[in-house]
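>>> quick one, what's the 3D model for this:
(2 chains)
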Amino acid sequence: MANEVIFEAHHMHKAFGPTIALKDVDFTLRRGEIRGLIGENGSGKSTIMSIAGGMQPATSGEMLYMGKPWQPRNMIESQQAGISMILQEANTINGVTVAQNLFAGREKEFSRFGVINMNKMYSAADKLLKKFGIENIRGRDSISSLTFEDCKLTEIVRCVSDDTQILVVDETTTALSMEGREILYRLIHKMAAENKAVVFISHDMDEILAQCTALTVLRDGDIIGSLTRGEMDAPDAVQRIRFMMVGREIGEKYYREDTEPSRLAEVALTLENISFGAIHDFSLELHKGEIVGFGGLSGCGMHEIGRAAYGLEKLDGGRVRRGEHTIRGCLDAIQHGIGYISKNRDTEALIMDAAIQGNIVLPSLSSLQKHGFISPAAEKKLAQKQIDALRIKCGSGAQFVSTLSGGNKQKVSFAKWLAKDSDILIMDCPTRGVDIGVKQAMYALIDEMKKSGKAILLISEELSELIGMADRIIIMKDFVVTKEFNRSADLKQTDIIEYMI
Amino acid sequence: MGEKTAAAPRAWLSKHSAQAAAYSGLAMCLILFTILTPIFGESIWSAQELHTLMQNVIVLALMSVGAVFVYSLGSMDISIGKQIGLYATLTVILGNTTGSILAGLALSLIISVIIGAVNGAAGELLHIHPVISSLVFQMVLSGISSVTYNSVGSRNVALTSIDVSFFRQTWVMVLALVIEVLVVSYLFNYTKLGKNAKAIGANPVAASQSGINLIRYKIIAYIIMGVCIVAASLFQMGYTASASDSTGTGFEMNVMVALILGGMPLSGGMRSRVSCAVVGSFTYALLDVGLPMLGVAANQVFVIKAILFLVVVVLTCRKKSGTLPR
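From the prediction side, this is the model:
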């Protein structure tokens, strides 16, 4: 039964108005394989599986699932038929318990005479979580009390059941820490061993190479080629895959080239003994021309530090200082030249139901206006410059952000502050979900900002990014700083990890 | 290329479905009444009927155009009708005592700014839906109105010495509307006031993190609406040269219906347009004027309006499906 074809797509074509997302693609998935899908933002890798999973219909083409024609009408239908998808963004129901999330739509199993036996549901939830190796979440917990990562894990548990035949993991690991990733990796290998199929969509090449048994590369809506496990183990595999993805050599320069820490003498932003929530007495001096990196697991408190530096947290003690001025809120922060790229891209950083242009120029409106008048031409010029610089894949700046792919949305969020030209930039996971070609461009821009004397706070879940870009790396664990590293050519991920966990 | 050109109108239509529905609704009304009214008697394009139409449309349009600012925030105001009543009453009473409508006008403007500031700030400061504070104003203004008319000893007051027929002339009404539409369109599309209001309606968290002062721009939006309501109250009062305790009753709902007929999304945001108010008001007024001319009974006019309303709502609330790959 192994190697039996479980899913096929023939001549699958998908167009969104003038934009073509998939060009006549043929795709085959077999039992027992962990198929990696890799490609730049908007290459169509998510589109294939979102069509298979019933999120949207194809424009033309046909699909076969377990040998039968397959035309799912929605995600629920495909999940019942055995195709489960774990998506990039949070998909949990707020304000209720973990158990209610896990068994949403299945309450009948726990009810008698229309009354739900919550205790029964809680213990079933605990049992289920344990089966997945998750110990720190309980069915009784309120979903709102969980971190983003734990919500994601809850979602995984909800999606996957014994009946699941195909599991689609779409960019999920960017939201997970090492521990969470391990849980997910165990799950997909177990499924492959049970002769089911896994489709693993990721930007992280190391992860793909480590976990997948086969790999398909996409570019601009076309399947460029596939690699077997053997080919993936070849010494030049990484270069080969990158070339297939980008269609050109991306060159050697990726991160910063200098290996010594450097900064200007002048302090740009000071966090002075700040205390709030679980953070106690935290201090930091961010200099001009310096990149300070923050690393740790996702619940370690580093994201909160970023929020506090932007005036978004109400402080119990201490203050955030720009020169002699105390920052009192985010409006105050912006007026004093601070910009902030939120980790919560879709809910905080961007207005989904607005044009790309509208989003990019939003923080810059004050500087665009002349006697109160904002010229549409000036707006367009400012936005177009960023669209070109970051190669945002879109028809025009008038296109709504909600229609963009995840990585391209992230670019818009980055472009907003690039356009604003702030002196201090707080970046919370700025390259999340962005492909290597654009990551390279973003790193070059960050490097340029540093060189022009801007101060940057780089909060990241990717250690390689911190090692590659930061002058100083502050590692946090359980809301406390455990170690500080200076930039060095010898710094290795393994040196850092022990201070994180 | 062929595919691209064929797909473009469809893409436009799916993005602007509410717009398309609103415009075709208005066009349908225009065509229908142009052809049918002469058969039943007088044409809708006669000077007399145009004047009636303008009288029907002016107050509603002036209010709705101002309300675009508040609706774009994703909120709404249900004190509009009572505000019209109060301003009309003030203008009449102060007009009779001072001999000029200016005193009433000035006082109305001051009150409208105060109400706007409170309505705009309440939502942010007290963390309540702004409709609630406008509901409070609706009740308070009702109270003031009933106390006023009790002390007057009558259910209506009329201007005794001032001639306000000026406000009944067609060209004055057209000019007032044109000016207001131009000014509001400018503020809404080419200044921070409108851009920020739309951004707040679309995503207040992102707007605030992008440096928009939520309280300030909400207050400004409400004040702009308030000023437009004062303008509308002048024409409402000018229509009969009087005011009563029922002046303005239910106008807030007419505004809502007109805006929705014009394709305004109730959730506010970037799809809000000033043209929604104009298109909607004219559609609403055309139905009011045209249908009775075709011999449709007054109560059936409501049914037809309701059907049109439903069509537009269904199209406006249709879930978007055109998402690109992630």
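>>> low-confidence ranges in the stretch 51-200 of chain A?
Across the stretch 51-200 of chain A, the ranges flagged by pLDDT under 70 are A:89-90.
>>> make it 90
A:53-59, A:67, A:72-81, A:84-96, A:101-117, A:131-137, A:143-164, A:170-184 (pLDDT under 90).
>>> how about the residues of the stretch 51-200 of chain B that lie near chain A?
When proximity is defined by Cβ under 8 Å from any Cβ of the partner chain, the stretch 51-200 of chain B lies next to chain A at B:190-192, B:195-196, B:198-199. Using the backbone N, CA and C atoms, a C-beta is placed for each residue, glycine as well.
>>> buried ones among those?
B:190-192, B:195-196, B:198-199 (16 or more other Cβ atoms under 10 Å in any protein chain shown).
>>> in the regular element (helix or strand) spanning residue A:125, what's buried?
Per DSSP states H and E, residue A:125 falls inside helix A:118-131. By neighbour count with 16+ other Cβ under 10 Å, helix A:118-131 contains the buried residues A:121-122, A:124-126, A:128-129.
>>> contacts only, for residue A:79.
A:53, A:85, A:159 (Cβ atoms under 8 Å, 6 or more residues apart in numbering or on different chains).
>>> from those residues, which single one is nearest chain B?
Each of those was checked against chain B using Cβ to the nearest Cβ; the closest is residue A:85, at 11.3 Å.
>>> who's in contact with that closest one?
With Cβ under 8 Å, 6+ apart, residue A:85 has these contacts: A:49-50, A:53, A:55, A:75, A:78-79, A:159, A:167-168, A:170.
>>> swap in 7 Å and give it another go.
Neighbour list for residue A:85: A:49, A:53, A:75, A:159, A:168, A:170 [criterion: Cβ atoms under 7 Å, 6 or more residues apart in numbering or on different chains].
>>> the helices in chain B, which residues?
Under the criterion DSSP state H, chain B contains helices at B:2-15, B:17-40, B:47-72, B:80-98, B:102-126, B:130-152, B:170-190, B:192-202, B:204-209, B:214-240, B:251-261, B:274-293, B:298-317.
>>> most tightly surrounded among these?
Mean neighbours per residue, mean count of other Cβ atoms under 10 Å in any protein chain shown, is largest over the helices of chain B for helix B:192-202, with a mean of 26.
>>> circling back to that earlier point, mind putting the contacts of residue A:79 into JSON lines with secondary structure?
Output for the contacts of residue A:79, formatted as JSON lines (DSSP: H, G, I helix; E, B strand; the rest coil):
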{"residue": "A:53", "secondary structure": "coil"}
{"residue": "A:85", "secondary structure": "strand"}
{"residue": "A:159", "secondary structure": "helix"}
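>>> give me the pLDDT for residue B:6.
We have a pLDDT of 44 for residue B:6.
>>> equivalent analysis for the one 4 residues further on, please.
With respect to pLDDT, residue B:10 has a value of 59.
>>> next: residue B:284.
91.
>>> was I right to think it contacts residue B:60?
Yes. At 6.3 Å, residue B:284 counts as touching residue B:60 under the criterion of Cβ atoms under 7 Å.
>>> any residues in contact with both of those two?
Joint contacts of residue B:284 and residue B:60 (Cβ under 7 Å, 6+ apart) are residue B:258.
>>> what does the stretch 1-150 of chain A have sitting close to chain B?
A:15-19, A:21, A:42, A:44, A:46-47, A:56, A:88 (Cβ under 7 Å from any Cβ of the partner chain).
>>> need those residues in JSON lines with neighbour count, can you?
As requested, the residues of the stretch 1-150 of chain A next to chain B are exported to JSON lines (neighbours: other Cβ atoms under 10 Å in any protein chain shown):
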{"residue": "A:15", "neighbour count": "18"}
{"residue": "A:16", "neighbour count": "21"}
{"residue": "A:17", "neighbour count": "20"}
{"residue": "A:18", "neighbour count": "16"}
{"residue": "A:19", "neighbour count": "20"}
{"residue": "A:21", "neighbour count": "26"}
{"residue": "A:42", "neighbour count": "26"}
{"residue": "A:44", "neighbour count": "27"}
{"residue": "A:46", "neighbour count": "28"}
{"residue": "A:47", "neighbour count": "26"}
{"residue": "A:56", "neighbour count": "19"}
{"residue": "A:88", "neighbour count": "22"}
